[in-house]
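Chemist: From the sequence below, what's the structure:
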Amino acid sequence: MERNGVKGRTPVIKLGTRASPLALWQAHHIRDLLQADDPSLEVEIVEIRSDGELYPDQDFRSIGVGVFTRAIDLATREGKVDVAVHSLKDLPTEDAPGLTLACVPPRESPFDAWISPQGISLDELPQGSKFGTSSPRRQAQVLARRPDLIPVPLRGNVQTRLRKMSELGLAGTILAEAGLKRLDRQDLIQQVLDPSWIIPAVAQGALGLVARENDEDLLQRLHRLEDARSRIQVDCERAFLQSLRGGCQIPAGALASFGEQEEDLHLEAIVASPDGKKTLRGKMSGKKDDPNRLGEKLAVDLLGRGAEEILSQIREEQHSDRSP
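Modeler: Got it, this is the predicted structure:
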């Protein structure tokens, strides 16, 4: 085998990752999976600051797509690292030039979780309570059910958001259950939010491993870590989002699941206005062998029922906000 320019040398794979505790957990998890597959493999973890971390006070919409992934993907394309380890929900639905989504390992919980230092469920919050989130999707779905609540912007990694929540005196915040489980902080969860209320982000709970599309040896290694069920689910959800021509900063969510018959795939999704006053939900089923088609069909259905108008208004407001 030849890698790093030296024939016969023990292979070394560099994993690129953000430096947050959760991102590092994810990178170490992938390292362990790779080394379990090949104990002779050397794996180095390289920390890279994302655009979201370089510009912590800037609105993500003004930075553009790939706010948490762009810098790591660039390092992968330039050969500074071999694999970019991402939370797949942060990854744009179109591959960056020269790169490919090489592997989706087994997915963790896709659901959102309500965190409250007061020990009160989201349904039971007193009128006018403040909750923290910078996610348009979460904000829209909470306000659709509880328009009396007041959203407060809350950004940062899990630890930062928990600290800010306390400092700001918020009634609670919403975080991905998967991240809390990976950080062994399930004790913080007051309530796992059912998708009948809050549909998760596209590909939430899944990891995405991005590599150079011409690195055949590495692609074969990564393929051995692939989980077929998780790949089908996230392909379906990402096809839905791509068909909306949206990114992770629009109020849209989707969740794919398998039916009792393993050949059947179900998809439920939502598009909403940021204030929650307009919400469009939809459900469709199809065969698991064409998950992209199912995602595209549900997106077309919602666009035809009014989602196009909602998204057009959002884009106009974002353009206006960016104009000098």
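
Chemist: Was I right to think residue 219 contacts residue 99?
Modeler: No - contact criterion CB atoms under 8 Å: residue 219 and residue 99 do not qualify, at 11.1 Å. In short, each C-beta sits where N, CA and C put it, glycine included.

Chemist: Which neighbours do those two have in common?
Modeler: Common contact partners of residue 219 and residue 99 (CB atoms under 8 Å, 6 or more residues apart in numbering): 211, 213.

Chemist: ok, which stretches of this structure are helices?
Modeler: 21-37, 51-54, 60-63, 70-77, 136-145, 158-167, 177-182, 216-223, 228-243, 291-302, 308-322 (DSSP state H).

Chemist: Let's have those helices in CSV, adding mean neighbour count and distance to residue 95.
Modeler: Listed next are the helices of the chain as CSV, based on neighbours: other CB atoms under 10 Å; distance: least, CB to CB, whole Å:
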stretch, mean neighbour count, distance to residue 95
helix 21-37, 17, 19
helix 51-54, 16, 18
helix 60-63, 16, 20
helix 70-77, 21, 9
helix 136-145, 22, 23
helix 158-167, 15, 28
helix 177-182, 21, 23
helix 216-223, 16, 13
helix 228-243, 23, 11
helix 291-302, 20, 14
helix 308-322, 14, 23
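
Chemist: Make a markdown table from these and add mean pLDDT and distance to residue 209 to it.
Modeler: Converted to a markdown table, the helices of the chain look like this (pLDDT from 0 to 100; distance: least, CB to CB, whole Å):
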| stretch | mean pLDDT | distance to residue 209 |
| --- | --- | --- |
| helix 21-37 | 97 | 7 |
| helix 51-54 | 50 | 20 |
| helix 60-63 | 42 | 23 |
| helix 70-77 | 95 | 10 |
| helix 136-145 | 96 | 24 |
| helix 158-167 | 90 | 22 |
| helix 177-182 | 97 | 16 |
| helix 216-223 | 96 | 5 |
| helix 228-243 | 97 | 11 |
| helix 291-302 | 97 | 19 |
| helix 308-322 | 79 | 30 |
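
Chemist: residues contacting the residue nearest the centre of the chain?
Modeler: Nearest to the geometric centre of the chain sits residue 89, at 1.6 Å (CA atoms, centre = their mean). Residue 89 makes contact with 176, 201-206, 248, according to CB under 8 Å, 6+ apart.

Chemist: same question, residue 91
Modeler: 66, 69, 101, 203, 208, 210.

Chemist: which of these has the most neighbours?
Modeler: Neighbour counts for the contacts of residue 91 (other CB atoms under 10 Å) peak at residue 203, which has 30 neighbours.

Chemist: Against residue 311, how distant is residue 83?
Modeler: 33 Å (CB to CB, to the nearest Å).

Chemist: can you check residue 97 too?
Modeler: Separation of residue 97 from residue 311 (CB to CB) stands at 26 Å.

Chemist: Repeat that for residue 204.
Modeler: Residue 204 is 20 Å from residue 311, by CB to CB.

Chemist: and if you look at residue 44?
Modeler: Distance, residue 44 to residue 311, by CB to CB: 41 Å.

Chemist: And residue 235, by the same measure?
Modeler: Residue 235 sits 22 Å away from residue 311, taking CB to CB as the criterion.

Chemist: now swap in residue 213 and tell me
Modeler: Applying CB to CB to residue 213 and residue 311 gives a distance of 30 Å.
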